[in-house]
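Undergrad: This is a predicted model, with the sequence first.
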Amino acid sequence: MSKLYFGDNLIILRQHIPDESVDLVYLDPPFNSKRGYNLFFKTPTGQVSDAQITAFDDTWQWGEQAEHEYHELLRQPNTDVAEMLDSFRRFLKENDMMAYLTMMASRLLELHRVLKPTGSLYLHCDPTASHYLKILLDAVFGKTNYRTEISWKRSAAHSDAKQGRKQYGNIRDILFFYTKSDEWQWNQQYTTYNEEYVRKMYRHVEPETGRLYQLDNLTGPGGASKGNPSYEVMGVTRHWRYSKENMAKLIEEGRVVQPSPGAVPRYKRYLDEMPGVALQNDWGDITPPSGKEFLGYPTQKPLALLERIIQTSSTPGDVVLDPFCGCGTAVHAAQKLGRDWIGIDITHLAIHLIEKRMKNAFPALPFEVLGTPKDFAGAQDLFSRDEYEFQWWACALVDAQPYKGKKKGSDKGIDGLIYFQDDKGGAKKIVVSVKGGKNVGRAMVADLKNTVEREKAQIGLFVTLTPPTKPMMAEAASAGFYESLKYGAFPKIQILTIEGLLAGQEAPRYPDLSRGGLTFRKAQREEGGAEQRELF
């Protein structure tokens, strides 16, 4: 069964992924771009201001953690990596780029360890740090195992090239392709011929079928060493590429054409029998995700890009690993192509989005989610470690989109939002408030009541790690009901406990619960899907 892990990929790789167990690694790590990336949700008209949250900050700083990982790297067995990092530090000093490269070095060593000898790795980056990452990859994999640098044209004209900025527009990403050894899996891929080539090379049309074809050479070099037989075909004697018997079959099949009397016979080669142009390392034919494919994730890559990589460097039943899986494009493509997969991400927001994506695209697919709280003790532990990750996780329990970012004071008493529709009018709104501390009380429920009124929402959900008190329950009941003409009455303020949600004993109550789709963008359903196997 395929697996989705929540947590630091360095820890997950070390504790859960065995040596030489993975066939293909694709990673699209942060690029050290020094910016935050917003996740855009599907929201009804008029709710645009609530429709984004910071998915992750691509900013790195040298500090205690970086110093710890750096010294750990100096002591690991790959001395090339140790020496290269020492050189980087002497050149870069203790800055954000050095912190980023230290983070990447630790993880690339683990990815090298888990790859099978026939495995491949594709690292997706941009020019921000690609020059440093190439040197680092040479140290980890060995420079002889570098295969190529692929360029992907991810956009058209870009704002980098605005007048006055004295800068070329950056419209391409880079993929570094490495293998673990000199024997690796490879399935040749092809792209279609362009119109000009077809027009020039396939100028003939077969009247009976309408098939395009060209006339190709049938002759071969003569001499005993070449082995090409000499005999007469259609009144012309030459050295031919085929034996007499095979030539006779080709003539019978209508594949040998004499353009004019006395001319050298030629081979009829149909366009629809040709595989296309062998894939090159400049990928300008794949466009960024748009329309129904785009789920709102800021760095989402197109399915076609991942399908190309997976088809080229793995076979059905292989294991594909993405240690920075974001919104899950790599695992989606792997599942679609019949591969097993492992996805890892450090945010609950990403894990929740991938869960929804895979369940929407492959409704019957069984897969395991590891690292997220499964019981009350796990929820308490998550809250003690990171209250914002706890809020995101709790929002996922009620299928709400998290509200705004992680900045204190910016949420206006709102941790999550749900949109629903129960009539032909506009979408309705549910406000979610999450409380993980022990000191919950009636005043917090009263605050949620006020927030619901202020936001003109129909319902408020109070999600709490601590069991509610009687005054809290009374305060919630005093808010009354939301009356839906079609579906009846629903409590306007609902108190839900983490324990009850985890046990399946509690759930939010609101109209048209089955329809969904008004909060998160939905991945399109994929037909079929490979049977899952046990990993390892």
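TA: Sure, I can see it. Numbering: from 1, shown residues only.
Undergrad: alpha carbons only for contacts and neighbour counts from here, please
TA: Noted.
Undergrad: ok, what's across the strand from Val205?
TA: Leu212 (DSSP bridges).
Undergrad: which ones are touching it?
TA: Residues near Val205 by CA atoms under 8 Å, 6 or more residues apart in numbering: Arg211, Leu212, Tyr213.
Undergrad: any idea how far the last one is from Gly220?
TA: Going from Tyr213 to Gly220 by CA to CA, to the nearest Å gives 21 Å.
Undergrad: do the same with the first one
TA: When CA to CA is applied, the distance between Arg211 and Gly220 equals 27 Å.
Undergrad: can you check Pro366 too?
TA: 57 Å.
Undergrad: who's more crowded, those two?
TA: Of the pair Pro366 and Gly220, Gly220 is the one with more neighbours under other CA atoms under 10 Å, namely 16 against 13.
Undergrad: next one: phi and psi at Thr118?
TA: Here is the backbone geometry of Thr118 (degrees, to the nearest 10): phi -90, psi 10.
Undergrad: wait, isn't it in contact with Asn145?
TA: No: contact criterion CA atoms under 8 Å: Thr118 and Asn145 do not qualify, at 11.4 Å.
Undergrad: My understanding was that Leu111 contacts Val25; is that so?
TA: Yes: with contact defined as CA under 8 Å, Leu111 and Val25 form a contacting pair (7.5 Å).
Undergrad: Outline the domain layout of this protein.
TA: What the record gives for the chain is the domain set 2-190+279-370, 193-273, 376-503, from automatic domain parsing.
Undergrad: Save the ones you listed as JSON lines, and put in distance to Lys522 and mean pLDDT too.
TA: Listed next are these as JSON lines, based on distance: least, CA to CA, whole Å; pLDDT from 0 to 100:
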{"stretch": "domain 2-190+279-370", "distance to Lys522": "7", "mean pLDDT": "88"}
{"stretch": "domain 193-273", "distance to Lys522": "34", "mean pLDDT": "93"}
{"stretch": "domain 376-503", "distance to Lys522": "13", "mean pLDDT": "89"}
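Undergrad: how about these in CSV, adding distance to Tyr510?
TA: Shown next, in CSV, are the domains of the chain (distance: least, CA to CA, whole Å):
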stretch, distance to Tyr510
domain 2-190+279-370, 17
domain 193-273, 54
domain 376-503, 6
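Undergrad: Figure out which of those domains is closest to Glu526.
TA: Closest of the domains of the chain to Glu526 is domain 2-190+279-370, at 5.0 Å (criterion: CA to CA).
Undergrad: end-to-end on that closest one?
TA: End-to-end distance for domain 2-190+279-370: 11 Å, by CA to CA.
Undergrad: Report the set of residues contacting both of Thr118 and Asn145.
TA: Thr179, Lys180, Ser181.
Undergrad: who wins for neighbours among the residues you listed?
TA: Thr179 leads the shared contacts of Thr118 and Asn145 on contacts (other CA under 10 Å) with 26 neighbours.
Undergrad: Three-state assignment for the closest residue to that residue other than its chain neighbours, please.
TA: Spatial nearest neighbour of Thr179, chain neighbours left out: Ser120 (4.3 Å); criterion: CA to CA, 6 or more residues apart in numbering. Under DSSP: H, G, I helix; E, B strand; the rest coil, Ser120 falls in the strand class.
Undergrad: mind checking how far the nearest residue to Asp182 once chain neighbours are set aside is from Arg255?
TA: Closest residue to Asp182 apart from its sequence neighbours, by CA to CA, 6+ apart: Asn145 at 6.7 Å. With distances taken as CA to CA, Asn145 is found 43 Å from Arg255.
Undergrad: Next: Glu83.
TA: 62 Å.
Undergrad: and if you look at Met1?
TA: Taking CA to CA, one finds Met1 at 50 Å from Arg255.
Undergrad: Same question for Thr79.
TA: 60 Å.
Undergrad: ok, now Glu307?
TA: Glu307 is 36 Å from Arg255, by CA to CA.
Undergrad: Can you mark which positions in stretch 259-269 are buried?
TA: Val264, Pro265, Arg266, Tyr267, Lys268, Arg269 (16 or more other CA atoms under 10 Å).
Undergrad: ok, the first one - contacts?
TA: Applying CA under 8 Å, 6+ apart to Val264 gives the contacts Val236, Gln258.
Undergrad: tell me, what residue is most central in this structure?
TA: Thr329 (2.7 Å; CA atoms, centre = their mean).
Undergrad: wait, doesn't that residue sit right on Lys301?
TA: Yes: with contact defined as CA under 8 Å, Thr329 reaches Lys301; the gap is 6.6 Å.
Undergrad: Check the gap between the nearest residue to Leu74 once chain neighbours are set aside and Phe88 for me.
TA: Nearest residue to Leu74 in three dimensions, chain neighbours excluded: Ala82, at 4.7 Å (CA to CA, 6+ apart). Ala82 sits 10 Å away from Phe88 when distances are taken as CA to CA.
Undergrad: Could you do Val369 as well?
TA: Val369 is 37 Å from Phe88, by CA to CA.
Undergrad: go on, Asp282?
TA: From Asp282 over to Phe88 (counting by CA to CA), the distance is 30 Å.
Undergrad: So which residue of the chain lies furthest out from the middle?
TA: Largest centre distance within the chain, by CA atoms, centre = their mean: Gly235, 61.1 Å.
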